[in-house]
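*Asks:* Next one to model:
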Amino acid sequence: MERQFHSVTIQLAKGDITRQPDLDAVINAANAGLMPGGGVAGAIHRAAGAELEAACRPLAPIDPGSAVITPAFSLPNRHVIHCLGPVYGVDEPSDRLLTRCYERALDLAEEAKLGSLGFPAISTGAFAYPKRDAAAIALHVMVQRAPSLSAVRLIRFVLFSDDDLTIHREILAELG
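*Replies:* Numbering: from 1, shown residues only. Predicted structure coming up:
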């Protein structure tokens, strides 16, 4: 599924975020230490190689809602933007922190003049954010920010499961 908002195209795809060679950057659902872990963070670190961990070390720790950018090393992209989403029910206010996470990723992409980004469903794995609520926040941020983006032209949500894809499709279809 794909929708246009101003000059920004939002795409939804089921797939592997580490295999998106047409994107300038992928977004890592990071942990506070920016180290390899499970889920998206583990996959990105494995695909990028040991250089990514070395590049992340001096940038850590980061707080929920924060983001930092590094080179992508062995990934097929130029950069990785590492976002720390909130742990649901622990980091509060979780909705505001998740919103800020997506906003900071867009800010960093704009500063680096990146034209295309790949986002996972941040905080919905081990951090237990309800998938529908998280998708609504993510997609609303993208639509709200679209008019002000000058570099970013393509935002792709690269989703892990059919359930994630279905939820994102339903929410994106409802957006103006």
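*Asks:* element containing residue 133?
*Replies:* Following DSSP states H and E, one finds residue 133 within helix 131-145.
*Asks:* And the longest helix anywhere in the chain, what's buried?
*Replies:* The helix that spans the most residues within the chain, counting by DSSP state H, is helix 94-111. For helix 94-111, the neighbour count (16 or more other C-beta atoms under 10 Å) marks 94, 97-106, 108-109 as buried. Bear in mind the C-beta positions are built from the backbone N, C-alpha and C, glycine included.
*Asks:* Likewise for stretch 46-63?
*Replies:* For stretch 46-63, by 16+ other C-beta under 10 Å, it's 47-48, 52-53, 55-56, 62.
*Asks:* Identify the farthest-apart pair in those residues.
*Replies:* Maximum pairwise distance in these, criterion C-beta to C-beta, is 20.8 Å, between 47 and 62.
*Asks:* got the contact list for the residue positioned nearest the centre of the chain?
*Replies:* For the chain, the residue nearest the mean C-alpha position is residue 119 (3.3 Å; C-alpha atoms, centre = their mean). By C-beta atoms under 8 Å, 6 or more residues apart in numbering, the residues touching residue 119 are 27, 102, 105, 138, 155-158.
*Asks:* if we go to 6 Å?
*Replies:* 27, 157 (C-beta atoms under 6 Å, 6 or more residues apart in numbering).
*Asks:* quick one on the thing from earlier: same for the helix holding residue 133, what does it pack against?
*Replies:* Other helices and strands packing on helix 131-145, by 3 or more C-beta pairs under 6 Å, 6 or more residues apart in numbering; DSSP states H and E, are helix 94-111, helix 162-174.
*Asks:* What mean pLDDT does the shortest one get?
*Replies:* Spelled out, that is helix 162-174. Confidence for helix 162-174, expressed as mean pLDDT, is 97.
*Asks:* and the gap between the residue sitting furthest away from the middle of the chain and residue 5?
*Replies:* What lies farthest from the middle of the chain is residue 176; by C-alpha atoms, centre = their mean that is 21.8 Å. As judged by C-beta to C-beta, to the nearest Å, residue 176 and residue 5 stand 9 Å apart.
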